[in-house]
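Visitor: next come a sequence and a model predicted from it.
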Amino acid sequence: DSGVTQTPKHLITATGQRVTLRCSPRSGDLSVYWYQQSLDQGLQFLIQYYNGEERAKGNILERFSAQQFPDLHSELNLSSLELGDSALYFCASSVTERGAYNEQFFGPGTRLTVL
Amino acid sequence: TQLLEQSPQFLSIQEGENLTVYCNSSSVFSSLQWYRQEPGEGPVLLVTVVTGGEVKKLKRLTFQFGDARKDSSLHITAAQPGDTGLYLCAGISEKLTFGTGTRLTIIP
């Protein structure tokens, strides 16, 4: 158990819909990262927040957005869903801002299926 | 775009055999990490290698970072069924860039 929690574990929805994925970081971690893992693209970095502020952006689509709240939990919002958005979405957390240089702890993921 | 290619993509071997997984890139990374991911779980960090030419050992696992900091290898000695999983290398620059992955199956 990494200490990072993600809800829901599974999510099935239809094309065109909007969903919200939730992540609670490890106690004491200020950075939250979101990743997408699909069979054809592998594990890809989407976005990082540090203490409520956006710190880095990766391959995140404009239809996707995220935020980190004062209690440090984070939400990833996916809208106008397409079949190709079906994937595992992971949240990770780290103590510092420069998470790439420190250990990131990954949650168990949310499996999103778009029908 | 920084790409990390791992080979082989799939590997299935008998318990007790040795194996090596490779991670190659055309880009230089300041350091590199190896993760193992099991079904239904997120990746778990195994090791971070920082210096070109560095070798780190973790029980039966030996990790090496290439001299030019563009490639790395993971060698497992006397593989066990518990080693089964998806192995991911990740290059560290401004962010983590994950490799394409090697899915390893150890047959009892």
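Guide: Perfect, thanks for sending it. Numbering: from 1, shown residues only, chains lettered A, B, ... in the order given.

Visitor: helix or strand: which one has A:Phe45?
Guide: Taking DSSP states H and E as the definition, A:Phe45 sits inside strand A:42-50.

Visitor: same for that strand, what does it pack against?
Guide: strand A:31-38, strand A:53-57, strand A:64-68, strand A:74-78, strand B:96-98 (3 or more Cβ pairs under 8 Å, 6 or more residues apart in numbering or on different chains; DSSP states H and E). To be clear about C-beta, it is placed using only N, CA and C from the backbone, and glycine gets the same treatment.

Visitor: and of those strands, who's closest to A:Val95?
Guide: Judged by Cβ to Cβ, the one of the helices and strands packed on strand A:42-50 that comes nearest to A:Val95 is strand A:31-38, at 7.3 Å.

Visitor: pLDDT on the closest one, on average?
Guide: Mean pLDDT, strand A:31-38: 95.

Visitor: how about that strand: buried residues?
Guide: A:Ser31, A:Val32, A:Tyr33, A:Trp34, A:Tyr35, A:Gln36, A:Gln37 (16 or more other Cβ atoms under 10 Å in any protein chain shown).

Visitor: now tell me what touches stretch B:34-43 from outside.
Guide: Surrounding stretch B:34-43, the residues in contact under the criterion Cβ atoms under 8 Å, 6 or more residues apart in numbering or on different chains are A:2, A:4, A:43, A:90, A:92, A:106-109, B:23, B:44-47, B:63, B:72, B:74, B:84-90, B:98.

Visitor: and B:Asn24, bridged to which residues?
Guide: Under the criterion DSSP bridges, B:Asn24 forms beta bridges with B:Glu5, B:Asp71.

Visitor: make sure B:Lys70 is actually in contact with B:Ser26.
Guide: Yes - counting by Cβ atoms under 8 Å, B:Ser26 is a contact partner of B:Lys70 at 6.8 Å.

Visitor: picking up where we left off before, can you select the buried ones from the contacts of stretch B:34-43 in PyMOL?
Guide: In PyMOL, this line selects whichever of the contacts of stretch B:34-43 come out buried by 16+ other Cβ under 10 Å:
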select buried, (chain A and resi 2+4+43+90+92+106+107+108+109) or (chain B and resi 23+45+46+47+63+72+74+84+85+86+87+88+89+90+98)
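
Visitor: narrow the contacts of stretch B:34-43 to those in strands?
Guide: Judged by DSSP state E, these include A:43, A:90, A:92, A:106, B:23, B:44-47, B:63, B:72, B:74, B:85-90, B:98 as members of strands.

Visitor: what residues does chain A put near chain B?
Guide: Residues of chain A found near chain B (Cβ under 8 Å from any Cβ of the partner chain) are A:2, A:4, A:42-45, A:48, A:56, A:58, A:90, A:92, A:99-101, A:103-104, A:106-109.

Visitor: mind doing that once more with 7 Å?
Guide: Contacts of chain A with chain B, taken as Cβ under 7 Å from any Cβ of the partner chain, map to A:2, A:42-43, A:45, A:56, A:58, A:90, A:100-101, A:103, A:106-109.

Visitor: of these, just say which sits nearest to B:Glu17.
Guide: A:Gly42 (26.3 Å).

Visitor: which secondary structure state is assigned to B:Ser27?
Guide: coil (DSSP: H, G, I helix; E, B strand; the rest coil).

Visitor: once you drop chain neighbours, what's closest to A:Gly58?
Guide: A:Phe45 (3.6 Å; Cβ to Cβ, 6 or more residues apart in numbering or on different chains).
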